[in-house]
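[1] What follows is a predicted structure for the sequence shown.
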Amino acid sequence: MSDPRLDTLRESAPGLRLATTPAELEYYGRDWTRRWAPAPLAVALPGSIEEVQAVLRWASAEGVPVVPSGGRTGLSGGAVAANGELVLSLERMRRVLGFDPVDRTLTVEAGIPLEAVQAEAREHGLQYPVDFAARGSCTIGGNIATNAGGIRVLRYGNTREWVAGLKLVTAAGELLDLNRGLVKNSSGYDLRHLAIASEGTLGVVVEATLKLAPPSPPVATLLLALPSFEVLMQVFQLLRERLALEAFEFFTDVALRHVLAHGAQAPFERGYPYYVVADAAAAGPDDDRVLEAFTHCAEQGWVEDGVVAQSQAQAAQLWRLREGITEALAPHLPYKNDVAVRVSAMPAFLADAQVLLGAEYPEFEVAWFGHIGDGNLHINVLKPQALAPDAFVERCGAVTAHLAELVQRHGGTISAEHGIGLVKKPYLGCTRGPAEVAVMRAVRAALDPAGILNPGKLFDPPTSPSR
Ligand code: MLT
Ligand code: ZN
């Protein structure tokens, strides 16, 4: 029997598409964390801003929690609906609304996949440079909700840099048209930036005006095998000085082994502790500056083996080694850490983190990879088969408390690009001070007084004072 609240929702938003079958609730109620059992009330699939407004007015009036939902590729539980929430999926709102050649902007509905935005930009001879492996499934709305980063932040920055304007529907159903694509706007608080990385707690992003860039230069793709983290940082420094780096990503032998077991082709005859895949602006694979930089690293004894891709196909093969990691690790239910420190703090942080995690996880397989040029490390602990998922998460959670303290000591963040969601909520206080969290609470309460937007994500409401 249908929940009576859905009847009032249908009255409030006539014609709204609702999904309620067990398979649909399961599909829309989870994200890539796979840690929580999905249990939403229903799934609303609005086709217009007006329908989103009607849903949120109804939810505020009825006190029904709402989980805004994009491609659900998130890794921190930000889009999980496990407590009778209404999932508000933007997947039907995926149109390109306009391109402006003078402003070099693209206006899109928030449910459009990242890859479709990239393709549309290319049609106009430009690029949308934010990029990462989930490009085919993740949506612009989700990217904005987490300020998604990815593999080209080093050169182009995070999603935040590329949002010229956005439309946000508040919990009360008001439509806020934020910044309207302006380059300059010193007229007070920039609520656009408050909405970015708010994880659906301040409103639902329904539309975005995105900046586009000229196409990237042709690149040479390099894969380098390295002996240690220290050397990795030296190679980064050198390549950054000598070349125009478009990307600089690293992974360890553990990560590579899993990608190879998943069908990728081994790049070298033997294994090495660390690998870097990098794109550098170049006239071609034989570009002198690239070869000179490569030779210099080899002469210093930094590079144990290496290859410069000779074709697009080979470059794609090398990139697969990095981009295939998430999928290859997924069957091992990895406990994911997504920490960052300033790039200058990386060497000291890495040394401490290696000691800490070596001592804390002696019996677990740990895959390190990520965006070392952004100071962002993904430390994935793989679940041993014999260990129950709950016991594994508990064990990793205890270690993460120590890692969070270490990150705090080095002035970093517990989440660089995945968001806090449910997964990192216990550790928010190591990244944001109590006064800062209090301001965040006040902002959230001002925009969502009934607390219906993504409750339980990012931080919990303060416990009521005892009487
Ligand atoms: C990546 O860098 O590959 C993404 O952040 C996804 C992940 O951490 O698994
Ligand atoms: Zn990443």
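    It's in. Numbers count the residues shown, from 1 in each chain. Ligands and ions are numbered 1, 2, ... in the order given.
[2] and the closest residue to ligand 1 within the stretch 151-300 of the chain, how far is that from residue 115?
    Minimum separation of the stretch 151-300 of the chain from ligand 1 (Cβ to the nearest ligand atom) falls at residue 151, amounting to 6.9 Å. C-beta coordinates here come from the backbone N, C-alpha and C atoms, glycine included. In this view, residue 151 and residue 115 are 14 Å apart by Cβ to Cβ, to the nearest Å.
[3] more crowded one of these two?
    Shown here are residue 151 and residue 115; by other Cβ atoms under 10 Å, residue 151 has more neighbours (24 against 15).
[4] I'd guessed the more buried one sits against residue 132; true?
    Yes - using Cβ atoms under 8 Å, residue 151 is in contact with residue 132, at 5.7 Å.
[5] Residue 31 and ligand 1: what is the separation?
    12 Å (Cβ to the nearest ligand atom, to the nearest Å).
[6] One more: residue 396?
    15 Å.
[7] who's in contact with the biggest helix by length in the chain?
    Longest helix in the chain, counting residues (DSSP state H): helix 389-409. With contacts defined as Cβ atoms under 8 Å, 6 or more residues apart in numbering, helix 389-409 is touched by 35, 333, 335, 337, 339, 341, 349, 352-353, 356-357, 360-361, 379, 381, 383-384, 387, 413-414, 426-427, 430-431.
[8] For ChimeraX, write the selection for the buried entries among the residues you listed.
    Burial among those is assessed by 16 or more other Cβ atoms under 10 Å; the matching ChimeraX selection reads:
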select :35,333,335,337,339,341,349,353,357,360,361,379,381,383,413,414,427,430,431
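[9] Leaving out sequence neighbours, find the closest residue to residue 374.
    residue 153 (4.8 Å; Cβ to Cβ, 6 or more residues apart in numbering).
[10] pretty sure the one you found is touching residue 371, no?
    Yes - between residue 153 and residue 371 there is a contact at 6.1 Å, judged by Cβ under 8 Å.
[11] any residues in contact with both of those two?
    residue 417.
[12] need the contact list for whichever residue of the chain sits closest to ligand 1.
    Residue of the chain nearest ligand 1, by Cβ to the nearest ligand atom: residue 326 (3.5 Å). Residues near residue 326 by Cβ under 8 Å, 6+ apart: 133-134.
[13] In three-state terms, label it for me.
    helix (DSSP: H, G, I helix; E, B strand; the rest coil).
[14] what do you get for residue 458?
    Criterion first, three-state DSSP; result for residue 458: coil.
[15] for residue 280, same thing?
    Under three-state DSSP, residue 280 comes out as strand.
[16] Count the residues that sit near it.
    Residue 280 has 24 nearby residues by other Cβ under 10 Å.
[17] Make 223 the starting number, not 1.
    Yes, from this point I'll number from 223; that puts the last item at residue 502.
[18] Count the neighbours of the residue nearest to it when sequence neighbours are not counted for me.
    Spatial nearest neighbour of residue 502, chain neighbours left out: residue 465 (4.0 Å); criterion: Cβ to Cβ, 6+ apart. Applying other Cβ under 10 Å, we find 23 other residues in the vicinity of residue 465.
[19] for the one 10 residues further on, same thing?
    Applying the criterion other Cβ under 10 Å, we find 14 residues in the vicinity of residue 475.
[20] Quick check: phi and psi at it.
    phi -60, psi -40 (degrees, to the nearest 10).
[21] Tell me how far it lies from residue 305.
    41 Å.
[22] Which of the contacts of helix 611-631 fall within strands?
    557, 559, 561, 601, 603 (DSSP state E).
[23] Kindly reformat those as a markdown table containing pLDDT and distance to ligand 1.
    What follows is the ones in strands among the contacts of helix 611-631, written out as a markdown table (pLDDT from 0 to 100; distance: Cβ to the nearest ligand atom, whole Å):
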| residue | pLDDT | distance to ligand 1 |
| --- | --- | --- |
| 557 | 97 | 11 |
| 559 | 97 | 9 |
| 561 | 98 | 11 |
| 601 | 97 | 10 |
| 603 | 97 | 12 |
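[24] Same list (the residues you listed) but as JSON lines, adding distance to residue 314.
    Shown next, in JSON lines, are the ones in strands among the contacts of helix 611-631 (distance: Cβ to Cβ, whole Å):
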{"residue": "557", "distance to residue 314": "34"}
{"residue": "559", "distance to residue 314": "34"}
{"residue": "561", "distance to residue 314": "36"}
{"residue": "601", "distance to residue 314": "37"}
{"residue": "603", "distance to residue 314": "37"}
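[25] Residue numbers of the stretch 423-572 of the chain in contact with ligand 1?
    547-548, 558 (Cβ under 6 Å from any ligand atom).
[26] Now stretch 264-274: buried residues?
    264-269, 271, 273-274.
[27] Straight-line length of it, end to end?
    Terminal residues of stretch 264-274 are spaced 15 Å apart (Cα to Cα, to the nearest Å).
[28] What residues does residue 676 make contact with?
    Counted by Cβ under 8 Å, 6+ apart, residue 676 has contacts 287-290, 300, 421-423.
[29] Give me the subset of those residues that lies in strands.
    Those of those lying in strands (DSSP E): 288-290.
[30] re earlier: narrow the buried residues of stretch 264-274 to those in helices?
    Using DSSP H, the buried residues of stretch 264-274 in helices are 271, 273-274.
[31] As a markdown table, those with pLDDT and distance to ligand 1 would be great.
    Shown next, in a markdown table, are these (pLDDT from 0 to 100; distance: Cβ to the nearest ligand atom, whole Å):
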| residue | pLDDT | distance to ligand 1 |
| --- | --- | --- |
| 271 | 98 | 30 |
| 273 | 98 | 32 |
| 274 | 98 | 28 |
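[32] got the end-to-end distance for stretch 349-358?
    Length of stretch 349-358, first residue to last, Cα to Cα: 16 Å.
[33] For it, give me every contacting residue.
    Residues from elsewhere that reach stretch 349-358, judged by Cβ under 8 Å, 6+ apart: 293, 295, 328, 335-337, 339-340, 342-343, 360, 365, 370-374, 377-378, 380-381, 384, 432, 434-438, 545-546, 548-549.
[34] For it, buried residues please.
    349-357.
[35] What of stretch 355-373?
    So for stretch 355-373, counting by 16+ other Cβ under 10 Å, buried means 355-357, 360-373.
[36] what's the first-to-last distance across it?
    This stretch, stretch 355-373, spans 8 Å end to end (Cα to Cα).
[37] from the chain's centre, how far out does it sit?
    6 Å (Cα atoms, centre = their mean, to the nearest Å).
[38] And the pLDDT at residue 223?
    Confidence at residue 223, expressed as pLDDT, is 65.
[39] returning to what we had before: could I get the contacts of residue 676 as TSV with pLDDT, distance to residue 680 and neighbour count?
    Putting the contacts of residue 676 into TSV (pLDDT from 0 to 100; distance: Cβ to Cβ, whole Å; neighbours: other Cβ atoms under 10 Å) gives the following:
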residue	pLDDT	distance to residue 680	neighbour count
287	98	14	19
288	98	15	27
289	98	13	28
290	98	13	27
300	98	8	29
421	98	5	23
422	98	9	27
423	98	5	25
